[in-house]
Every structure is written in structure tokens, then in C-alpha cells.
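**Q** compute the structure for the input listed below.
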Amino acid sequence: MEIKTLSLTTSKHPTPATLTAYLQTPTPKAPVQAFPALVFVPGGSMTHIPEEESEKTALAFLARGFQVFVLRYSFVDEATPLYPSPLLDLAQAVNLVHQHQNDWSLTGKVAVMGFSAGGQIVALYNDYWKSGWLKEASGLSEEACHFDAAVLGYPVIDLDLGFPNPATMPKWTNDPERFSASYHVNADCRPTFTWGTVTDPLITVQNTLNYVQALQQENISQEIHLFDGGPHAMDIATDLVGPEEEPHRPHVHHWVTLADEWLKQTLN
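**A** As a prediction, this is how the structure comes out:
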């Protein structure tokens, strides 16, 4: 396995964002010689990303046959207001993956996955990836921004559902409606897999329900898994990453297998 971190800054979009690639080498004579790409956007309330948990999530999907890329996007103390910088970061990440299809042993299929605040970035990218303003702001073509599937875990979706709080909101955006993801779902959204827990105490499950309903209204292919209980920020839901306040829930860990199966089917 090779791990490398690359800058995403460009003359059009100067940014502190980086993309860390976890790359496996094809086994000689094995049937699989190329892998789908999974760009992972962790949570962290737009102030940081949990590096240890993010790496364990990356390795879990690496072992399931993906080349995995962890996006360290712009934070609230690096852009004022923050949006749309994280969306431009994700666009640059997807473009970089496309550029390295051959030397990184990629199939050409790209999925993006986001948790919590990172889930909002992915949901908004799902809404806006084909929009004229994103292409103009990023300096990228539609082909460069293209991806094939989205995975959302306990995502922030709409900015009128209690997170972030009103004092923090201006750091994220001065236009909450523009960056409330369920309001902008459209026919160009990609197939989407969403999971969460109905008892999440930080990001109400209404976020997920709003986005799922909006996708349904646009007839976007999707799969949804809402588990009975569990805290926020469960990641792959094992004791390696689980929140300290309660033990992990083995049943919730099944989301990893479900997402893997769905991705393999969707990206085939």
C-alpha cells in the first residue's frame, strides 16, 4: 500500500485543502487489476477532521476493493464565510482522481462519501456538481467534476434544523438557503446511499429524511438505512472508532457491508 498527500490549490482556487490517497497495488495475475475510487469527506463541524477515525474508515473500504482518498477540506477559520470553498475543494479532488486514473489503477468510476458536516459537503456537491456556478468558480469542466455515486452518513443537510447554531452560522454562510442541501436536489443528482441513526442527539434524523424525500421527488435512485439507536459520529461503528460515551453497536456496523454491496452494484 502507498499513502501520499497532495495539495489541491490551483491558481483559480487557492486552498489549504489536501487529498490523502490510500493506494493498493494490483496483485499480479489476480482478476482485479483496477479499482473504483472512493473520495471520503469526513465530519468535524467544519473546524477539523478526525484523522485517526478517518484513516480507519479509509482502510475499511481499501480492504473491500477501493482506492480511497481522504479530503481535508477548508475549515471555518480559513475562509470567511466558509461556503462554497469546501465544494470547490471536493471538485478539485474529484478532478485529481480523474487525472490519475491510469497511474493509480482506477476503473474510472468515482464515488464520494461524507459523514456529518462532510455529509453536507457531499450532498451539496451532489446537488451542484453540474451547475454553471460551480464550474465557473472551480475552473473545471463538467467531465472533470463528474462522479457516479454518493454515500451519506448521519449528514448535516439543512441549515434550519439546529446545526450549526445561530452564532456559528455566519462562519459557514451568509445565505443558509443556498447551502441547505434538500432545497436544491435536482435531476442531475447521482444515485445515493444514506445511513444514520434515529436517535442521533446532535444531527437530527430530520436532515436525512428531508434529503431522502427530495431525492424521491426527483426519482433519483437511492438506498436508505436508519438504525434504531446509536450516538453521533459512529464512523464504521466499531470499538476502534466509536464514541467513548457508549459502546459500539455491532448491528450498525453492517452499514459498511451494505454500502459496499450497493457501491459495487451501482458502479458496475
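**Q** what segments of the chain are helices?
**A** For the chain, the helices defined by DSSP state H occupy 51-62, 85-99, 116-128, 132-138, 142-145, 169-172, 206-217, 250-267.
**Q** of all those, which lies closest to residue 232?
**A** The closest of the helices of the chain to residue 232 is helix 116-128. By CB to CB, the value is 7.1 Å. From N, CA and C alone the C-beta is placed, and that goes for glycine too.
**Q** so what touches the closest one?
**A** Outside helix 116-128, the residues that touch it by CB atoms under 8 Å, 6 or more residues apart in numbering are 40-46, 49, 71, 73, 86-87, 90-91, 112-114, 134, 147, 150-157, 179, 181, 184-186, 189-190, 192, 203, 211, 232-233.
**Q** averaged pLDDT, it. What do you get?
**A** Average pLDDT, helix 116-128: 98.
**Q** which stretch among the helices of the chain comes nearest residue 228?
**A** Closest to residue 228 of the helices of the chain is helix 250-267 (CB to CB; 7.9 Å).
**Q** quick check: angle from that closest one to helix 51-62?
**A** Angle of helix 250-267 versus helix 51-62, following axes from the mean of the first three to the mean of the last three CA atoms, to 10 degrees, is 50 degrees.
**Q** by contact count, what packs against helix 250-267?
**A** Judged by 3 or more CB pairs under 8 Å, 6 or more residues apart in numbering; DSSP states H and E, the packing partners of helix 250-267 are strand 35-41, helix 51-62, strand 106-115, strand 149-153, strand 192-197, strand 222-227.
**Q** and it, average pLDDT?
**A** Rounded mean pLDDT across helix 250-267 is 94.
**Q** buried stuff in that helix?
**A** Judged by neighbour count using 16 or more other CB atoms under 10 Å, the buried positions of helix 250-267 are 252-253, 255-256, 259-260, 262-263, 266-267.
**Q** quick one: it to chain centroid distance?
**A** Its chain's average C-alpha position is 15 Å from that of helix 250-267, according to CA atoms, centre = their mean, to the nearest Å.
**Q** and for stretch 141-158?
**A** The gap between where stretch 141-158 is centred and where its chain is centred comes out at 6 Å by CA atoms, centre = their mean.
**Q** and the end-to-end length of that stretch?
**A** This stretch, stretch 141-158, spans 27 Å end to end (CA to CA, to the nearest Å).
**Q** name the residues of that stretch that come out as buried.
**A** Those would be 144-158, for stretch 141-158 by 16+ other CB under 10 Å.
**Q** same check on stretch 195-207?
**A** 195-197, 200, 203-204, 207.
**Q** farthest residue from the center of the protein?
**A** Centroid-distance maximum for the chain: residue 29 at 32.6 Å, with CA atoms, centre = their mean.
**Q** so what's residue 47 up against?
**A** By CB under 8 Å, 6+ apart, the contact set of residue 47 is 75-77.
**Q** residue 107 now?
**A** Residue 107 touches 34-37, 267, counting by CB under 8 Å, 6+ apart.
**Q** about what we covered before: can I get the helices and strands packed on helix 250-267 in a markdown table with distance to residue 162?
**A** Shown next, in a markdown table, are these (distance: least, CB to CB, whole Å):
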| stretch | distance to residue 162 |
| --- | --- |
| strand 35-41 | 21 |
| helix 51-62 | 23 |
| strand 106-115 | 18 |
| strand 149-153 | 18 |
| strand 192-197 | 15 |
| strand 222-227 | 18 |
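**Q** just say which of the ones you listed is most tucked in.
**A** Of all the helices and strands packed on helix 250-267, strand 149-153 carries the top mean neighbour count, a mean of 28, counting by mean count of other CB atoms under 10 Å.
**Q** next, the angle from that one to strand 106-115.
**A** Strand 149-153 and strand 106-115 are oriented at 30 degrees to each other (the same axes, to 10 degrees).
**Q** redo the buried residues of stretch 195-207 as a markdown table? Include pLDDT and distance to residue 64.
**A** Formatted as a markdown table, the buried residues of stretch 195-207 follow (pLDDT from 0 to 100; distance: CB to CB, whole Å):
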| residue | pLDDT | distance to residue 64 |
| --- | --- | --- |
| 195 | 96 | 16 |
| 196 | 94 | 21 |
| 197 | 92 | 22 |
| 200 | 89 | 25 |
| 203 | 93 | 26 |
| 204 | 93 | 30 |
| 207 | 97 | 27 |
